[in-house]
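Student: I'd like to go over a predicted model; first the sequence, then the structure.
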Amino acid sequence: MLANDVDCDYQTGLHNYDPQAFVKVRIISETDWTAPAVSGDSLTKYPAVIMDIHGGGFINGSSVKQLDYSLPACKYTGCPVFSVDYRLAPDHKFPAGLNDCWQVYLWLVKYAGKYLGLAFDKIVLEADSAGGNLAFGVANLAIQKSTRKPDGLHLVYPAMSC
(Lines give C-alpha, C1' and ligand atoms only; values in the text may rest on other atoms or scores of the structure.)
Protein backbone atom coordinates (compact mmCIF):
# COMPACT_ATOMS: atom_id res chain seq x y z
CA MET A 1 0.00 0.00 0.00
CA LEU A 2 1.30 3.44 -0.83
CA ALA A 3 2.14 5.74 2.05
CA ASN A 4 -0.04 8.55 0.68
CA ASP A 5 -3.03 6.18 0.75
CA VAL A 6 -2.79 5.75 4.49
CA ASP A 7 -1.04 8.90 5.70
CA CYS A 8 -3.45 10.83 7.88
CA ASP A 9 -1.46 14.07 7.55
CA TYR A 10 -3.20 15.13 4.34
CA GLN A 11 -6.19 17.36 5.21
CA THR A 12 -6.21 16.28 8.86
CA GLY A 13 -3.09 17.76 10.43
CA LEU A 14 -2.07 14.34 11.78
CA HIS A 15 1.66 13.65 11.71
CA ASN A 16 4.33 11.03 12.38
CA TYR A 17 2.92 8.16 10.31
CA ASP A 18 5.46 5.40 9.70
CA PRO A 19 4.40 3.44 6.59
CA GLN A 20 7.08 0.83 7.33
CA ALA A 21 5.46 -0.17 10.63
CA PHE A 22 3.47 -3.37 10.57
CA VAL A 23 0.12 -3.49 12.28
CA LYS A 24 -0.78 -6.76 14.00
CA VAL A 25 -4.27 -8.01 13.24
CA ARG A 26 -5.90 -11.09 14.76
CA ILE A 27 -8.34 -12.75 12.36
CA ILE A 28 -11.23 -14.60 13.96
CA SER A 29 -13.17 -16.63 11.44
CA GLU A 30 -14.67 -19.99 10.66
CA THR A 31 -12.70 -19.90 7.38
CA ASP A 32 -9.03 -20.97 7.21
CA TRP A 33 -6.92 -18.31 5.50
CA THR A 34 -3.51 -19.87 6.03
CA ALA A 35 -2.87 -20.00 2.28
CA PRO A 36 -2.90 -16.69 0.40
CA ALA A 37 -5.49 -16.19 -2.30
CA VAL A 38 -4.31 -17.03 -5.80
CA SER A 39 -5.28 -14.89 -8.75
CA GLY A 40 -8.31 -16.42 -10.40
CA ASP A 41 -9.56 -18.15 -7.25
CA SER A 42 -13.17 -17.50 -6.41
CA LEU A 43 -13.79 -15.13 -3.56
CA THR A 44 -15.40 -16.22 -0.30
CA LYS A 45 -18.46 -13.99 0.06
CA TYR A 46 -19.65 -12.66 3.43
CA PRO A 47 -22.47 -10.24 4.15
CA ALA A 48 -20.03 -8.22 6.26
CA VAL A 49 -16.64 -8.07 7.89
CA ILE A 50 -16.14 -6.68 11.37
CA MET A 51 -13.12 -4.58 12.26
CA ASP A 52 -12.69 -4.70 16.03
CA ILE A 53 -10.69 -2.07 17.93
CA HIS A 54 -9.94 -2.76 21.59
CA GLY A 55 -10.25 -0.32 24.45
CA GLY A 56 -7.78 0.27 27.25
CA GLY A 57 -7.37 4.02 27.61
CA PHE A 58 -4.96 4.08 24.64
CA ILE A 59 -2.25 2.65 26.94
CA ASN A 60 -3.14 -1.03 27.28
CA GLY A 61 -5.34 -3.73 25.79
CA SER A 62 -4.88 -6.13 22.92
CA SER A 63 -6.74 -8.36 20.50
CA VAL A 64 -6.24 -11.22 22.98
CA LYS A 65 -8.02 -9.32 25.76
CA GLN A 66 -10.74 -8.43 23.24
CA LEU A 67 -11.58 -12.08 22.47
CA ASP A 68 -14.55 -11.91 24.88
CA TYR A 69 -16.15 -9.57 22.33
CA SER A 70 -14.69 -10.68 19.01
CA LEU A 71 -15.32 -14.44 19.35
CA PRO A 72 -19.08 -14.05 20.00
CA ALA A 73 -19.28 -11.43 17.23
CA CYS A 74 -17.85 -13.98 14.79
CA LYS A 75 -19.94 -16.86 16.14
CA TYR A 76 -23.31 -15.08 16.09
CA THR A 77 -22.88 -13.22 12.81
CA GLY A 78 -20.88 -15.81 10.87
CA CYS A 79 -18.70 -12.95 9.67
CA PRO A 80 -14.92 -12.70 10.05
CA VAL A 81 -13.57 -10.33 12.67
CA PHE A 82 -10.31 -8.44 12.18
CA SER A 83 -9.10 -7.35 15.62
CA VAL A 84 -6.49 -4.59 15.48
CA ASP A 85 -3.47 -4.42 17.80
CA TYR A 86 -2.73 -0.73 17.35
CA ARG A 87 0.36 0.90 18.83
CA LEU A 88 -0.14 2.11 22.38
CA ALA A 89 0.76 5.27 24.27
CA PRO A 90 2.96 6.47 25.85
CA ASP A 91 5.54 4.68 23.69
CA HIS A 92 3.71 5.77 20.55
CA LYS A 93 2.21 9.23 20.60
CA PHE A 94 -0.98 10.28 18.85
CA PRO A 95 -1.83 9.69 16.03
CA ALA A 96 0.05 6.34 15.90
CA GLY A 97 -2.95 4.29 17.07
CA LEU A 98 -5.34 6.08 14.72
CA ASN A 99 -2.93 5.65 11.80
CA ASP A 100 -2.71 1.90 12.52
CA CYS A 101 -6.50 1.54 12.56
CA TRP A 102 -6.84 3.61 9.38
CA GLN A 103 -4.21 1.47 7.67
CA VAL A 104 -6.08 -1.73 8.57
CA TYR A 105 -9.40 -0.26 7.43
CA LEU A 106 -7.98 0.78 4.06
CA TRP A 107 -6.26 -2.57 3.63
CA LEU A 108 -9.55 -4.40 4.22
CA VAL A 109 -11.38 -2.17 1.77
CA LYS A 110 -8.73 -2.30 -0.95
CA TYR A 111 -6.92 -5.64 -0.59
CA ALA A 112 -8.99 -8.23 1.32
CA GLY A 113 -10.18 -9.73 -1.96
CA LYS A 114 -6.76 -9.85 -3.58
CA TYR A 115 -4.79 -11.29 -0.66
CA LEU A 116 -7.39 -13.18 1.39
CA GLY A 117 -9.92 -14.11 -1.27
CA LEU A 118 -12.53 -12.29 0.81
CA ALA A 119 -15.51 -10.40 -0.56
CA PHE A 120 -18.01 -8.55 1.61
CA ASP A 121 -21.00 -6.27 1.23
CA LYS A 122 -20.58 -4.31 4.45
CA ILE A 123 -17.80 -3.31 6.79
CA VAL A 124 -18.70 -2.66 10.41
CA LEU A 125 -16.44 -1.08 13.02
CA GLU A 126 -16.87 -2.58 16.49
CA ALA A 127 -15.08 -0.99 19.42
CA ASP A 128 -15.17 -0.16 23.10
CA SER A 129 -13.82 2.72 25.19
CA ALA A 130 -10.64 4.14 23.60
CA GLY A 131 -11.25 1.85 20.63
CA GLY A 132 -14.60 3.61 20.13
CA ASN A 133 -12.73 6.88 19.81
CA LEU A 134 -10.41 5.36 17.20
CA ALA A 135 -13.32 3.76 15.30
CA PHE A 136 -15.06 7.13 15.15
CA GLY A 137 -11.78 8.63 13.94
CA VAL A 138 -11.54 6.02 11.17
CA ALA A 139 -15.12 6.77 10.09
CA ASN A 140 -14.34 10.49 10.10
CA LEU A 141 -11.21 9.95 7.99
CA ALA A 142 -13.21 7.87 5.51
CA ILE A 143 -15.60 10.80 5.08
CA GLN A 144 -12.80 13.41 4.84
CA LYS A 145 -10.81 11.40 2.32
CA SER A 146 -13.87 10.41 0.23
CA THR A 147 -13.18 6.70 0.53
CA ARG A 148 -15.63 3.93 1.34
CA LYS A 149 -17.45 4.75 4.54
CA PRO A 150 -18.13 2.11 7.20
CA ASP A 151 -21.61 0.64 6.90
CA GLY A 152 -22.01 0.50 10.66
CA LEU A 153 -20.46 1.54 13.94
CA HIS A 154 -20.98 -0.53 17.08
CA LEU A 155 -19.42 1.64 19.77
CA VAL A 156 -19.64 0.46 23.39
CA TYR A 157 -19.00 3.30 25.88
CA PRO A 158 -16.73 5.16 23.44
CA ALA A 159 -14.20 7.60 24.88
CA MET A 160 -15.63 10.76 23.38
CA SER A 161 -16.89 14.11 24.59
CA CYS A 162 -20.24 15.52 23.55
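Tutor: Right, received. Where do you want to start? Numbers count the residues shown, from 1 in each chain.

Student: When you work out contacts or count neighbours from here on, use the C-alpha atoms and nothing else.
Tutor: Fine.

Student: how about the strands in this structure?
Tutor: 24-28, 44-53, 81-85, 118-128, 152-156 (DSSP state E).

Student: contact partners of the third one?
Tutor: Taking contacts as CA atoms under 8 Å, 6 or more residues apart in numbering, the residues outside strand 81-85 that touch it are 23-29, 49-54, 62-63, 66, 70, 73-74, 101, 104.

Student: again with the fourth one
Tutor: Strand 118-128 is contacted by residues 43-55, 112-113, 132, 135, 150-158 when judged by CA under 8 Å, 6+ apart.

Student: picking that back up, can you select the buried ones from the contacts of strand 81-85 in PyMOL?
Tutor: Per 16 or more other CA atoms under 10 Å, the buried members of these correspond to this PyMOL selection:
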select buried, resi 23+24+25+26+27+28+29+49+50+51+52+53+54+62+63+66+70+73+74+101+104
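
Student: got the angle for the lengthiest helix in the chain vs strand 81-85?
Tutor: Longest helix in the chain by number of residues, with DSSP state H as the criterion: helix 96-116. On the basis of axes from the mean of the first three to the mean of the last three CA atoms, to 10 degrees, helix 96-116 is oriented at 140 degrees to strand 81-85.

Student: Helix 96-116 to strand 44-53, inter-axis angle?
Tutor: 170 degrees.

Student: what's helix 96-116 packed up against?
Tutor: Helices and strands touching helix 96-116, by 3 or more CA pairs under 8 Å, 6 or more residues apart in numbering; DSSP states H and E, are helix 3-6, strand 118-128, helix 130-144.

Student: where does residue 66 sit relative to residue 55, distance-wise?
Tutor: Distance of residue 66 to residue 55, given as CA to CA, to the nearest Å: 8 Å.

Student: now the contacts of strand 118-128: which count as buried?
Tutor: 43, 48-55, 112-113, 132, 135, 150, 153-155, 158.

Student: Let me have the helices and strands packed on helix 96-116 in CSV, extended by distance to residue 85.
Tutor: CSV is the format used below for these (distance: least, CA to CA, whole Å):
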stretch, distance to residue 85
helix 3-6, 17
strand 118-128, 12
helix 130-144, 10
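
Student: could you dump those to JSON lines with distance to residue 82 and mean pLDDT?
Tutor: Formatted as JSON lines, those follow (distance: least, CA to CA, whole Å; pLDDT from 0 to 100):
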{"stretch": "helix 3-6", "distance to residue 82": "18", "mean pLDDT": "39"}
{"stretch": "strand 118-128", "distance to residue 82": "10", "mean pLDDT": "95"}
{"stretch": "helix 130-144", "distance to residue 82": "13", "mean pLDDT": "97"}
